[in-house]
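Need a 3D model of the following:
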Amino acid sequence: MKRTTTNVLFAVAFTGLTAGLSACGFVGFPGVYKIDIEQGNLVEQDMIEQLQLGMSRRQVRFIMGSPLVEDTFNPNRWDYPYVIRNGQTIIREAQVSIYFEDDVLTRITGDYLPEWATEGAGTSDSSSGGSSDSTSDEAAEQDAATDDQSS
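Here you go, the predicted structure:
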């Protein structure tokens, strides 16, 4: 009788302890250190500044590293997503897309842009002879063509 009571008490204590400890993960254990988790390609502005129009894919891969996403349906686009988070909290998130035509760098979009991609992007200066408007028109046409190819 005494042995059966001891086994029952042990089983109840073990079950209570297990349930209590598993709840700590759900509630959040105070003082637990959460590490920063980096996913994707680390992209920084100085890397983007090294890119120049007309660079080959090989040169771009040397500077930027291998793209995380190489779309099989659009091989002329490389995507470099990056996110760093602490637990569920996103600390930093960035996205850069690089476009090629005939294996030559033609444009860059995303959170980081080189100076040559941002010059005249928001302004239409009359001294530029309208070149910024034609560049934006070409970019819009390329976006439309990319969208048509992917759908």
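
for residue 103, phi and psi?
Taking degrees, to the nearest 10, you get phi 60, psi 30 for the backbone angles of residue 103.

quick one: low-confidence parts of this structure?
Within the chain, the stretches with pLDDT under 70 are 1-2, 19-29, 120-151.

what about the residue nearest the centre of it, which helix or strand?
For the chain, the residue nearest the mean C-alpha position is residue 81 (2.0 Å; CA atoms, centre = their mean). If you go by DSSP states H and E, residue 81 is part of strand 77-86.

just checking, what packs against that strand?
Applying 3 or more CB pairs under 8 Å, 6 or more residues apart in numbering; DSSP states H and E, one finds that strand 77-86 makes contact with strand 36-40, helix 57-64, strand 69-70, strand 89-101. Glycine gets a C-beta too; all of them are placed from N, C-alpha and C.

circling back to that earlier point, please tell me how far the nearest residue to the residue nearest to the centre of the chain once chain neighbours are set aside sits from residue 98.
Excluding the flanking residues, the one nearest residue 81 by CB to CB, 6 or more residues apart in numbering is residue 40, at 4.5 Å. Distance of residue 40 to residue 98, computed by CB to CB, to the nearest Å: 14 Å.
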